[in-house]
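*Asks:* Quick one, structure for this:
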Amino acid sequence: MSDVSLSLPAELADEVIPILDFGHYLAGEDGALERLAGELRYAQENIGFYFAINHGVPQGLIDRAHVNLRRFFALPEEEKKKHKNYLPTKSTIYVSSTVNENTQPDLNEMIRFLRERPADHPGTQAGFSSHVVNHWPDEALLPGWQTEMLAYYGAMEALGYQMLPVYARALDLPADYFDGLFDDPAWTTRNQHYPPVAAEDNQFGIAPHRDHGFLTLLPVTEEPGLQIRATTGRWLPANKIDGAIIVNTGEFLNRWSNGRFMATATSCHTTARRSASSGFADPGSPVPTTSRTTPVCSTTMGGSPPAMSAPSMPRASCRSPTGQRTSSNREASGSRRSISRTSPSAIRRFTRPRRSA
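*Replies:* From the prediction side, this is the model:
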């Protein structure tokens, strides 16, 4: 494990952002899992986030995803508003943040997509908010858009699965501990555009917040704006490392690990035009075809008494400037899952386990 402290501004030179190399582990080298798990354990217990390199997601897929987002957000406003899953700028205020008292609407526009499922999926039939049928852009307007975005989302999901044994061993659990808990993850993506506009006091591209899932994957980009709060309370610019993905713990994993892994706060300032795709996966709602339940905190910590409530998904919400609750930054309906967060020109993904009755 190395760090990028030298790439930070001089006044932040004492801060450290770890870099974890997944290449040896993904290549199946002997001992690589345990070495990487040890580095991840240190990063998540002491810093809360890290840069992943040699992660196996083709850079071409990431680059093409960003190109596609720019294609969509360049469409006329009336065309974008035809999508039920689209929200224009200044549509929501991130009111459930535990990091900042957010009072101004966020400056990003976004279109949201969920994990693609058939219309007869049990979760879709049951009406779960994380299992609705996606509304994709018209193929005639944006040729290849859906196919290319699904390929990107699939690669990020595959990486999430590959990371599960590392997280299990980092928590001193068997490598296969999470097997069966992510068979049908309920991930969500927030695909965003951050226009370079002036912000008012206490206004952001995306307001300060913590993620609410198991894991966030966020490919870095050239454009500035993303900030991550260090354990010292200082906000660090997320500097670009070619080909890297920022990995962050969400509040669900923080609870599931009994507070052992930290959920780090992020925000974004709109200093440059950015496009982003943020992914969030929830522990599934009870689906009739499932049978396994998510264990409580104490079972993940070698029998340690739970220091917090059992790990149901934290309720998160935001509201429109007029006071109406929305599902923009996070799901605020009767569902127990929460969808939140956005990042400057990056693509993030949560991977959360599935819950059953």
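*Asks:* tell me the mean pLDDT for stretch 102-120?
*Replies:* For stretch 102-120, the mean per-residue pLDDT is 86.
*Asks:* chain center to it: distance?
*Replies:* Stretch 102-120 has its C-alpha centroid displaced from the chain centroid by 12 Å (C-alpha atoms, centre = their mean, to the nearest Å).
*Asks:* Give me the distance between residue 39 and residue 25.
*Replies:* Look at residue 39 and residue 25: by C-beta to C-beta, to the nearest Å, they are 10 Å apart. (Each C-beta comes from the backbone N, C-alpha and C, glycine too.)
*Asks:* The closest residue to residue 71 other than its chain neighbours: what secondary structure?
*Replies:* Of all residues beyond its chain neighbours, the one nearest residue 71 is residue 142 (5.5 Å), with distances taken as C-beta to C-beta, 6 or more residues apart in numbering. At residue 142 the chain is in coil, as set by DSSP: H, G, I helix; E, B strand; the rest coil.
*Asks:* what residues are up against residue 142?
*Replies:* Under the criterion of C-beta atoms under 8 Å, 6 or more residues apart in numbering, the contact list for residue 142 reads 68, 71-72, 75.
*Asks:* okay, those in TSV with pLDDT next?
*Replies:* Listed next are the contacts of residue 142 as TSV, based on pLDDT from 0 to 100:
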residue	pLDDT
68	94
71	95
72	96
75	96
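*Asks:* buried stuff in stretch 238-251?
*Replies:* The neighbour-count check on stretch 238-251 (16 or more other C-beta atoms under 10 Å) flags 238-241, 243-251 as buried.
*Asks:* Residue 31: which of the residues you listed is nearest?
*Replies:* residue 247 (21.4 Å; C-beta to C-beta).
*Asks:* Identify the bridge partners of that closest one.
*Replies:* Partner residues in beta bridges with residue 247, using DSSP bridges, are residue 50, residue 217.
*Asks:* if we can go back for a sec, so among the buried residues of stretch 238-251, where is pLDDT lowest?
*Replies:* The pLDDT minimum for the buried residues of stretch 238-251 sits at residue 239, where the score is 68.
*Asks:* Give the closest residue to residue 232 in space, chain neighbours not counted.
*Replies:* Taking C-beta to C-beta, 6+ apart, and ignoring the residues beside it in sequence, residue 232 has residue 15 as its nearest neighbour in space, at 6.9 Å.
*Asks:* typo on my end, it should be residue 108
*Replies:* Nearest in space to residue 108, with sequence neighbours left out and distances taken as C-beta to C-beta, 6+ apart, is residue 192 at 4.5 Å.
*Asks:* Looks like the one you found contacts residue 112 (just checking).
*Replies:* No. With contacts defined as C-beta atoms under 8 Å, residue 192 does not count as touching residue 112, sitting 9.4 Å away.
*Asks:* So for those two, which sits in the more crowded spot?
*Replies:* Comparing residue 192 with residue 112 by other C-beta atoms under 10 Å, the one with more neighbours is residue 192, at 31 against 24.
*Asks:* did I read that right, the more buried one in a strand?
*Replies:* Yes. Assignment of residue 192 by three-state DSSP places it within a strand.
*Asks:* who touches the closest residue to residue 94 other than its chain neighbours in this structure?
*Replies:* For residue 94, ignoring the flanking residues on the chain, the nearest one in space by C-beta to C-beta, 6+ apart is residue 207 at 4.0 Å. If a contact means C-beta under 8 Å, 6+ apart, then residue 207 has 93-94, 97, 100, 102, 104, 106, 267, 329 as its contacts.
*Asks:* Residue 207 should be in a helix, yeah?
*Replies:* No. The assignment for residue 207, made by three-state DSSP, is strand rather than a helix.
*Asks:* Worst mean pLDDT across the helices and strands of this protein, which element?
*Replies:* The helix or strand with the lowest mean pLDDT-type score in the chain, counting by mean pLDDT, DSSP states H and E, is strand 347-348 (a mean of 30).
*Asks:* Burial check on residue 148, number of neighbours?
*Replies:* By the other C-beta under 10 Å criterion, the neighbourhood of residue 148 contains 16 residues.
*Asks:* wait, I meant residue 36
*Replies:* Every residue meeting other C-beta under 10 Å relative to residue 36 is counted, giving 24.
*Asks:* Nearest residue to it in space, please, no chain neighbours.
*Replies:* residue 25 (4.7 Å).
*Asks:* Which of the helices or strands spans that neighbour?
*Replies:* Taking DSSP states H and E as the criterion, the element that holds residue 25 is helix 23-26.
*Asks:* quick one: residue 58 from residue 129, how far?
*Replies:* According to C-beta to C-beta, residue 58 stands 31 Å off from residue 129.
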